[in-house]
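Sequence plus the predicted model coming up.
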Amino acid sequence: MQALETAFRAGAGAVSFLTRIPVGSRLEVEAEDVARGAVLFPVVGAGLGAVVGLVVVGLDARLSAVLAAALAVAVEAALTGAIHLDALADSADGLGAGSRERALEIMREPTIGAFGTTALLLDLVVKTAALAAVAAGPRAILAVAAAYALGRTAPPALGWALPYARPEGGSGAILTGGAGEVSRALGVGLGVGLAVAALGLRGIALVGAAALGAAAVGLVARRRLGGVTGDVLGAAAELATTLALVAAVATR
């Protein structure tokens, strides 16, 4: 019974950390639940991707492909509260700053600057175009689900590899350090496994693209900040997802 409750709380932790679905309205999710729930991040991502894929494929027959994809992106933003888009914009603004201290300060500001606006617009354009193209190819819903599963492996992967940049902690600190290390490692493996199981050899290309996006964000953050923040983890998830979708188009 205790094991079942722990698993349920881990699932609730994963959902509450990655989406705005109100699982916490009936259950008080704690940091330890999120740490344990990292193993389920790819599952939550696959579910989110399946919804996005169903929307774009379902509307593609009635609307233009680009319009269907744009509405699918809007559905994703509603389900997630646009948290990863916000993180991408904040990270782009911060990492463009002149010093580590100023970068961390900028990433906490509620405003968005030129770097953040540019990064956000480019990401949305590329993601929308990629979704429109994937919808016309084979196993479209599986491809989108795989891309989103891989995107959600980026936060535990970077949290596994890098320290937290803010000494006072923050929203993503629970995914760094020793707590939940096994869950993070298993989550990365599960994300890769889901992509390959869904798409076969094609899934390996998506894994490579997602890894490239996550690694690029991680390397810049390591150099500029000394580690990751919650915004960096969210930006990595967003970029990894978009690049995985591009790989899905390239391997149709």
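That came through fine. Residues are numbered from 1 along each chain as shown.

When you work out contacts or count neighbours from here on, use the C-alpha atoms and nothing else.
OK.

my guess is Thr235 contacts Leu88, does it?
Quick fix: residue 235 reads Ala, not Thr. Yes - contact criterion Cα atoms under 8 Å: Ala235 and Leu88 qualify, at 4.1 Å.

How far off centre is stretch 170-180?
On the basis of Cα atoms, centre = their mean, to the nearest Å, stretch 170-180 sits 16 Å off its chain's mean C-alpha point.

Now for the closest residue to Leu95 other than its chain neighbours: which residues touch it?
With Cα to Cα, 6 or more residues apart in numbering as the criterion, Leu95 has its nearest non-adjacent residue at 5.8 Å, and that residue is Ala103. Contacts for Ala103 (Cα atoms under 8 Å, 6 or more residues apart in numbering) come out as 93-97, 225.

top of these by neighbour count?
Neighbour counts for the contacts of Ala103 (other Cα atoms under 10 Å) peak at Gly94, which has 30 neighbours.

For it, give me the pLDDT.
pLDDT for Gly94: 90.

all strands for the stretch 1-150 of the chain, in order.
Assigned strands in the stretch 1-150 of the chain: none (criterion: DSSP state E, counting those that start in this stretch).

So in this protein, which helix runs the longest?
In the chain, with assignment by DSSP state H, the single longest helix is helix 201-225.

contacting residues around that helix?
95, 99-100, 103-104, 146-147, 150-151, 154, 158, 162, 165, 192, 195-197, 227-228, 232, 235-237, 239-245, 247-248, 251.

In helices only, show me those.
Among these, DSSP H puts 95, 100, 103-104, 146-147, 150-151, 154, 158, 192, 195-197, 232, 235-237, 239-245, 247-248 in helices.

Put the buried members of the residues you listed into a ChimeraX selection.
Buried residues within the ones in helices among the contacts of helix 201-225, by 16 or more other Cα atoms under 10 Å, are selected in ChimeraX with:
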select :95,100,103,104,146,147,150,151,154,158,192,195,196,232,235,236,237,239,240,241,242,243,244,245,247,248
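
rounded to a whole number, what's the mean pLDDT of stretch 234-244?
Per-residue pLDDT over stretch 234-244 has a mean of 98.

how near is Glu32 to Leu219?
From Glu32 across to Leu219, the span is 27 Å (Cα to Cα, to the nearest Å).

That should have said Leu63, apologies.
Taken as Cα to Cα, the span from Leu63 to Leu219 is 40 Å.
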